[in-house]
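Q: coords below, sequence missing:
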């Protein structure tokens with residue numbers, strides 16, 4: 001039964017891919033009046049009852065579903081062509097028409113992926129987040145330029161922005177380039193110049209990725225507090241790191257900035273806080289915690305000559321406090337414990353956990369130095385190196401990632417999204433579908449190049465067993481995952497067919513190009529030799545893929 005389910009989902013996935021690919025060849029052949037003898041889904045003898053003739057073309061579904069073909073008159077240079085069909089033979093068509101007929105197969109696979117993405121985006125993206133700042137990370141370009149939580153971004157370098165994604169796309173494309181932002185704050189419109197920091201890291205394909213970051217987030221930090229000093233007013237009042245403040249003097253607060261403003265308004269007077277305190281985890285494998293309410297009085301301890309700030313109450317941001325440390329990780333080897341506060345990474349002050357993770361990703365193989373403070377005030381500085389963990393994902397592909405091992409528990413709240421008008425949904429879905437297809441094409445081309453260079457292991461190559469496993473696993477995760485994998489494999493099929501290997505579409509394009517340059521066709525012997533070399537290469541590749549499949553799915 002399990003084998004049948006794998007076979008069912010394999011056919012369900014590759015069927016549309018083969019159909020669209022061959023449909024491209026078929027339609028363009030018909031468009032240019034090239035006679036098509038047979039349109040076949042699959043190879044080998046036809047399945048009984050699934051073979052018919054319509055017009056001049058025979059249509060069939062064959063018994064071996066791993067491919068398909070469109071047979072045209074004159075496609076084989078050695079065949080005898082009846083006199084009445086010579087004008088409509090493939091090899092008699094203009095060279096540019098032959099280019100288009102051959103390229104149409106991969107092009108239709110790319111079209112299928114684009115249509116899938118278009119439909120998925122149109123269905124899913126009926127809401128979006130406005131380009132309003134939820135939080136500004138300390139010591140970032142946004143903070144240095146004066147951007148504040150609640151600011152609404154309306155224009156970047158003369159381009160109007162309405163939604164968060166518009167802003168993000170522009171910023172990521174402008175690392176280390178001065179960028180002009182128009183911002184609405186209250187009833188005023190401000191112009192700020194912000195230069196995004198360069199963030200770069202190596203992807204799984206060993207390619208250096210570069211993008212710009214200015215240090216803002218859509219999410220606003222919840223009013224959780226950190227208590228770094230056991231001699232502070234906050235500690236004496238009973239406040240502890242991780243406590244979530246819900247009310248200040250009877251008035252509710254829902255973000256850190258509201259908490260800070262409420263403490264500033266108190267003007268040095270004692271305040272009453274209502275907090276929710278997390279208990280220890282209730283379960284073993286799930287991190288469930290109970291929130292227990294407490295009420296406490298907090299008296300500030302202002303520093304003479306300095307303005308009163310939340311720190312005068314002994315409260316700081318909970319951003320850089322360690323909540324949990326996983327065993328057998330670099331963080332555990334450092335001796336990090338719950339309640340420790342991270343101060344610096346590699347000598348640079350760091351005030352946001354997200355930035356800590358980003359900097360670690362930038363140089364995953366480097367030995368780092370971490371400076372942190374114990375709750376008793378002791379400051380320690382120790383070297384460490386991220387741990388590389390290799391494992392298999394749900395599709396049984398080998399993946400690796402670098403682990404630090406310490407976690408923070410700062411909570412965040414997301415704003416409510418707004419509904420997109422249908423016209424905007426249509427526009428986003430249209431342009432996003434092409435962008436997603438192009439992006440995946442680029443990733444796959446880079447992956448092939450990196451595999452040839454030896455940076456990506458060849459055991460990632462898979463065959464029909466891997467396709468069956470991917471199809472069944474994706475189907476069990478839901479139709480969204482299934483159609484996404486369908487689009488992904490469709491792009492993969494297009495690019496593979498465009499490789500300059502004889503007998504593939506890319507090989508035919510190479511032959512046409514050579515014939516165009518020579519201004520005469522290649523000899524039959526040369527064509528036969530090229531096809532034989534291509535066939536041998538494909539057979540070797542298929543055997544190699546089958547060997548990988550056996551190792552991955554049968555022997556393990």
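A: Yep, that arrived. Keep in mind it's a predicted model, so treat the numbers as computed, not measured. Numbering: from 1, shown residues only.
Q: For the closest residue to residue 62 other than its chain neighbours, which residues are in contact?
A: Spatially, and ignoring its direct neighbours in sequence, residue 62 is nearest to residue 42 (3.4 Å; CB to CB, 6 or more residues apart in numbering). The way it works is simple: take the backbone N, C-alpha and C, and place the C-beta from them, glycine included. Going by CB atoms under 8 Å, 6 or more residues apart in numbering, residue 42 touches 18, 61-68.
Q: most surrounded residue in these?
A: Within those, residue 68 tops the neighbour count with 24 neighbours, counted by other CB atoms under 10 Å.
Q: how about it, secondary structure?
A: Under DSSP: H, G, I helix; E, B strand; the rest coil, the three-state class of residue 68 is strand.
Q: so it sits right up against residue 20, yeah?
A: No - with contact defined as CB atoms under 8 Å, residue 68 does not reach residue 20; the gap is 10.2 Å.
Q: hey, where'd the helices end up in the stretch 301-450 of the chain?
A: For the stretch 301-450 of the chain, the helices defined by DSSP state H, counting those that start in this stretch cover 330-334, 353-362, 422-453.
Q: before we move on, back to that, reformat the contacts of residue 42 into TSV and put distance to residue 472 next to each item.
A: Formatted as TSV, these follow (distance: CB to CB, whole Å):
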residue	distance to residue 472
18	18
61	22
62	23
63	22
64	20
65	15
66	16
67	20
68	22
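Q: how near is the most far-flung residue of the chain relative to its centre to residue 43?
A: Relative to the mean C-alpha coordinate of the chain, counting by CA atoms, centre = their mean, the farthest residue is residue 83 (55.8 Å). Distance, residue 83 to residue 43, using CB to CB, to the nearest Å: 31 Å.
Q: returning to that earlier point: the residue nearest to residue 62 is in what secondary structure piece?
A: Here residue 42, judged by DSSP states H and E, is contained in strand 36-54.
Q: If you count neighbours, what's buried in that strand?
A: By neighbour count on 16 or more other CB atoms under 10 Å, the buried set for strand 36-54 is 36, 38-42, 46.
Q: now stretch 90-110
A: For stretch 90-110, the buried set under the neighbour-count rule, 16+ other CB under 10 Å, comprises 90-91, 93, 97-110.
Q: do the same with stretch 523-532
A: 527, 530.
Q: which residues sit against that stretch?
A: Contacting residues not belonging to stretch 523-532 are listed as 77-78, 502-503, 507, 511, 522 [CB under 8 Å, 6+ apart].
Q: what does stretch 371-386 give?
A: Defining contact as CB under 8 Å, 6+ apart, one finds that stretch 371-386 is touched by 228-230, 322, 330-331, 333-337, 339-345, 347, 360, 364-370, 402-404.
Q: In PyMOL, how would I select just the buried ones from those residues?
A: The PyMOL selection below is limited to those of those classed as buried (16+ other CB under 10 Å):
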select buried, resi 228+229+322+330+331+334+336+339+340+341+342+343+344+345+360+364+368+370+403+404
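Q: so of the contacts of stretch 371-386, which ones are in strands?
A: The members of the contacts of stretch 371-386 that map onto strands under DSSP state E are 341-345, 367-370, 402-403.
Q: could these go into CSV alongside pLDDT?
A: Output for the ones in strands among the contacts of stretch 371-386, formatted as CSV (pLDDT from 0 to 100):
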residue, pLDDT
341, 93
342, 94
343, 94
344, 93
345, 93
367, 93
368, 94
369, 95
370, 94
402, 88
403, 91
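Q: tell me which of those is nearest to residue 215?
A: Ranked by distance to residue 215 (CB to CB), the ones in strands among the contacts of stretch 371-386 are led by residue 345 at 15.5 Å.
Q: what domains does the record give for the chain?
A: Following automatic domain parsing, the chain resolves into domains at 2-124+427-555, 135-218, 221-317, 324-413.
Q: Now the weakest link among those domains, please, by mean pLDDT.
A: Taking each of these in turn, the one with the lowest mean pLDDT is domain 221-317, at a mean of 80.
Q: gap between residue 115 and residue 475?
A: Note on residue 115: its distance to residue 475, by CB to CB, is 20 Å.
Q: Likewise for residue 485?
A: Distance from residue 485 to residue 475, by CB to CB: 9 Å.
Q: other SSEs contacting the host helix or strand of residue 14?
A: In the assignment (DSSP H and E), residue 14 maps to helix 2-31. With contacts defined as 3 or more CB pairs under 8 Å, 6 or more residues apart in numbering; DSSP states H and E, helix 2-31 has these neighbours: strand 36-54, strand 57-72, helix 95-124, helix 464-476, helix 479-497.
Q: What count of nearby residues applies to the closest residue to residue 219 other than its chain neighbours?
A: What sits nearest to residue 219 in space, not counting adjacent residues and going by CB to CB, 6+ apart, is residue 412, at 3.7 Å. Neighbourhood size, residue 412 [other CB under 10 Å]: 15.
Q: So residue 412 versus residue 168, what's the distance?
A: Distance of residue 412 to residue 168, computed by CB to CB: 17 Å.
Q: Also residue 476?
A: Distance of residue 476 to residue 168, computed by CB to CB: 32 Å.
Q: go on, residue 247?
A: According to CB to CB, residue 247 and residue 168 sit 34 Å apart.
Q: can you check residue 331 too?
A: From residue 331 to residue 168 the distance is 30 Å (CB to CB).
Q: Ok, residue 229 next?
A: Taking CB to CB as the measure, residue 229 falls 37 Å from residue 168.
Q: same deal with residue 532?
A: 51 Å.
Q: what do you get for residue 486?
A: Distance, residue 486 to residue 168, using CB to CB: 27 Å.
Q: Show me which of the two is the more surrounded one.
A: It is residue 486, of residue 486 and residue 168, that has more neighbours when counted by other CB under 10 Å, with 21 against 18.
Q: Tally up the residues packed near the nearest residue to the more buried one once chain neighbours are set aside, please.
A: Distances taken as CB to CB, 6+ apart place residue 13 nearest to residue 486, at 5.8 Å, with adjacent residues excluded. Residue 13 has 22 neighbours, counted by other CB under 10 Å.
Q: could you pull out the strands for the stretch 251-400 of the chain?
A: Using DSSP state E, counting those that start in this stretch, the strands found in the stretch 251-400 of the chain span residues 251-252, 271-278, 291-298, 316-317, 324-325, 341-345, 348-349, 367-373, 379-385, 387-392, 398-403.
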